[in-house]
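In: need a 3D model of the following:
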Amino acid sequence: MSFDHREPGTDPAAWTAFLRSAPAVPVDLRGVGSVVVVAPHPDDETLGAGGLIATAADAGIPVHVLLVTRGERSHPDSPTVTPAELAPRRAAEFRAALRVLHPTAGATELDVPDGAVREHVDVLRAALEHRLAGAPRPTLVVAPWRGDGHRDHRIAGEVAEQVVDATPGTDLLAYPVWAWHWDDPAAPTAPWDRARTLTLDADVRDRKARALAAYPSQTLPLSAAPGDEAIVDDRHAAHHLRVEEWLFAPVRSRSGDSFDAHYARKPEGWDFDGSWYEQRKRAVTLAALPRPRFRSALELGCATGVLTAALTERADAVLGTDVAAAAIERAERRAPGARFETAAFPAEWPDGRWDLVVLSEVGYYLSPDDLDRTVDRVLETLDDDGVLVACHWRHPDDDAVTDGDTVDARLAARWPRPALVRHVEEDFVLSVLPGPAVTSVARAEGLVR
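Out: Residues are numbered from 1 along each chain as shown. Okay, here's the model as predicted:
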């Protein structure tokens, strides 16, 4: 999703009315041995978890903050300040704010380029694993909500979930920052059914407000020039300076929060019907299939089922899976001849065997490990005469972990046979990867000897 922080956004008063009736489980820090906070940018730790940091300090709980970037791209259109000048300024503001919240808190500054967390996930993962290795248990990890709408926030949230899942004695809470700005309390997309709330006393609220004020590069205009506007003005700050701090408990078995939010805002997803790019890409995909008919087709990441419906004309049985429940609901209406399951692959894999597997426009949302595991699962369940059809967008995507060319190259490197079809153009790359019994169309019809 995309948003503009310069727009007024959702009125804080609308959230106040909503939160009065929002069910929430209180955050209980009793018994917590340590707290580790992941902040993609300076001020995220204060906006999202400043009250928790200060409350932990009062309870004598050690806190350590991992600052991933120095936030040097907060004002990309500034005519007065360069990113190189902003970087040390924002880092100094971070240190000052943290001293206000928790004078003895530790901090590690990873110095990842702002906006490039997805390209440096190993840096964050290694730092978080190292910090948790020696942290007193049980350890509470606090990180951005992966559906917050900012790419760096999503990647940091995903890494935190993965590391916590693999680390005994740890738990996770996720904080929203920009969701307060773009979400709508009349039809909220954030996971309020998993909300957790920490009530802040007057002293903690005061320290959080003073910590936020330690970020003048964000709370005040850099100058009167266009492009130097405040990032967190008084209206935005009001979301975060409440009596309570709101966080979300994660769902470990799924990774669809951000996609559910997308479909709630845009029910038809990515304009699969109206876009000529989408129409043409589907036609090329279907034309690349080496047989007129298949026994059993699996579409991974089926979205709203537009391609799935077309596949029902080419296969006896079709199963579509997607991580977003909202997409599945629409797919079921669009393609009644297919079956659908809500599942996050590769961890959740449907039963059955397939002679056609389609992986279209989703491979670049997977981590490298998950992409490799997906290839393994396809190979385990693909019939000898089956094919994997993979098609991916080649332009930048802020929500993606990698890109279409990288996915295509990795599939080719992992697949045991050369591609039967490889189509490359400026917008997308498509490969048809065959099982051991698949041959070309002409050879299959006896036209080549």
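
In: does Val100 count as helix, strand or coil?
Out: For Val100, the assignment made with DSSP: H, G, I helix; E, B strand; the rest coil gives helix.

In: pull out the buried positions in the helix or strand hosting Ala413.
Out: Using DSSP states H and E, the secondary-structure element containing Ala413 is helix 404-414. Judged by neighbour count (16 or more other CB atoms under 10 Å), helix 404-414 contains these buried residues: 404, 406-408, 410-411. C-betas here are computed from N, CA, C, even on glycine.

In: please apply the same query to stretch 20-28.
Out: 24, 27.

In: follow-up on the earlier one: tell me which strands and helices the helix holding Ala413 is in contact with?
Out: Helix 404-414 is packed against helix 368-381, strand 382-393, strand 428-434, with contacts defined by 3 or more CB pairs under 8 Å, 6 or more residues apart in numbering; DSSP states H and E.

In: quick one: contacts of the longest one?
Out: Going back to what we said before, that points to helix 368-381. 298, 300, 345-346, 349, 352-354, 357, 359, 363, 366, 388, 402, 407, 410-411, 414-416 (CB atoms under 8 Å, 6 or more residues apart in numbering).

In: taking those residues one by one, which sit in strands?
Out: In strands, judged by DSSP state E, the following of the contacts of helix 368-381 are found: 298, 300, 354, 357, 359, 388.

In: quick one on the thing from earlier: export the helices and strands packed on helix 404-414 to CSV and tack on distance to Arg210?
Out: Formatted as CSV, the helices and strands packed on helix 404-414 follow (distance: least, CB to CB, whole Å):
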stretch, distance to Arg210
helix 368-381, 42
strand 382-393, 45
strand 428-434, 51
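
In: what residues sit buried inside stretch 196-204?
Out: Per 16+ other CB under 10 Å, stretch 196-204 contains these buried residues: 196-198, 200, 204.

In: show me what it is in contact with.
Out: Residues lying outside stretch 196-204 but in contact with it, judged by CB under 8 Å, 6+ apart, are 24-27, 51-52, 54-55, 58, 173, 208, 242-249.

In: so for that stretch, mean pLDDT?
Out: If you average the pLDDT over stretch 196-204, you get 96.

In: relative to Asp114, which of the ones in strands among the contacts of helix 368-381 is nearest.
Out: When the ones in strands among the contacts of helix 368-381 are ranked by distance to Asp114 (CB to CB), Leu359 comes first, at 31.4 Å.

In: is the nearest residue to that closest one once chain neighbours are set aside in a bridge, and if so with what?
Out: Among residues not flanking Leu359 along the chain, Ala390 sits closest, at 4.5 Å (CB to CB, 6 or more residues apart in numbering). Assessed by DSSP bridges, Ala390 has beta-bridge partners Leu359, Ser431.

In: same check, this time on Leu67
Out: Taking DSSP bridges as the rule, Leu67 bridges to Ala39, Glu109.

In: how about the strands in the stretch 51-200 of the chain?
Out: Using DSSP state E, counting those that start in this stretch, the strands found in the stretch 51-200 of the chain span residues 63-69, 106-112, 139-144, 170-175, 195-199.

In: can I get those in JSON lines including distance to Trp15?
Out: Formatted as JSON lines, the entries for the strands of the stretch 51-200 of the chain read as follows, by distance: least, CB to CB, whole Å:
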{"stretch": "strand 63-69", "distance to Trp15": "26"}
{"stretch": "strand 106-112", "distance to Trp15": "30"}
{"stretch": "strand 139-144", "distance to Trp15": "18"}
{"stretch": "strand 170-175", "distance to Trp15": "15"}
{"stretch": "strand 195-199", "distance to Trp15": "12"}
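
In: so for Val123, which of those sits nearest?
Out: Each of the strands of the stretch 51-200 of the chain was scored for nearness to Val123 using CB to CB, and the closest is strand 106-112 (5.6 Å).

In: need the contact partners of that closest one.
Out: Residues from elsewhere that reach strand 106-112, judged by CB under 8 Å, 6+ apart: 62-70, 91, 94-95, 98, 120, 123-124, 127, 131.

In: and if we set it to 6 Å?
Out: Under the contact criterion CB atoms under 6 Å, 6 or more residues apart in numbering, strand 106-112 has outside partners 64-69, 98, 120, 123, 127.

In: now the helix or strand following the helix holding Ala413: buried residues?
Out: On the C-terminal side of helix 404-414, the closest following helix or strand by DSSP H and E is strand 421-424. Judged by neighbour count using 16+ other CB under 10 Å, the buried positions of strand 421-424 are Val421.

In: distance of Ile328 relative to Arg339?
Out: 11 Å (CB to CB, to the nearest Å).

In: who has more neighbours out of these two?
Out: Per other CB atoms under 10 Å, whichever of Ile328 and Arg339 has more neighbours is Ile328, with 22 against 14.

In: now the one helix or strand that one maps to: mean pLDDT?
Out: Following DSSP H and E, the helix or strand that holds Ile328 is helix 325-334. Per-residue confidence for helix 325-334 averages out to 88 on the pLDDT scale.

In: which neighbours does the very next helix or strand once past it have in its sheet, and in what orientation?
Out: Going down the chain from helix 325-334, the next helix or strand is strand 339-342, by DSSP H and E. When pairs are called by DSSP bridges, strand 339-342 turns out to pair with strand 315-322 (parallel).

In: now do the partner strand: distance to the chain's middle.
Out: With CA atoms, centre = their mean, to the nearest Å as the basis, strand 315-322 stands 26 Å off its chain's centre.

In: just the C-alphas of it, formatted as CSV.
Out: This file holds the C-alpha atoms of strand 315-322, laid out as CSV (Å, rounded to 0.1, in the frame of the first residue of the first chain):
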residue,chain,number,x,y,z
ALA,A,315,-7.7,-28.4,-16.0
ASP,A,316,-10.1,-31.0,-14.6
ALA,A,317,-9.4,-29.9,-11.0
VAL,A,318,-8.0,-26.5,-9.8
LEU,A,319,-7.0,-25.5,-6.3
GLY,A,320,-6.1,-21.9,-5.5
THR,A,321,-4.3,-20.8,-2.3
ASP,A,322,-3.6,-17.4,-0.9
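
In: buried residues, it. List them.
Out: Of the residues in strand 315-322, those with enough neighbours to count as buried (16+ other CB under 10 Å) are 315, 318-322.

In: a markdown table for those residues, including pLDDT?
Out: Listed next are these as a markdown table, based on pLDDT from 0 to 100:
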| residue | pLDDT |
| --- | --- |
| Ala315 | 97 |
| Val318 | 97 |
| Leu319 | 97 |
| Gly320 | 96 |
| Thr321 | 94 |
| Asp322 | 90 |
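
In: who's in contact with stretch 296-316?
Out: Counting by CB under 6 Å, 6+ apart, stretch 296-316 makes contact with 269, 272, 282, 286, 294-295, 317-322, 327, 330-331, 334-335, 337-338, 345, 354, 356-359, 362, all of which sit outside it.

In: most surrounded residue in the contacts of strand 106-112?
Out: Going by other CB under 10 Å, Val68 tops the contacts of strand 106-112 with 30 neighbours.

In: how close does that one sit to Thr312?
Out: Per CB to CB, Val68 is found 45 Å from Thr312.
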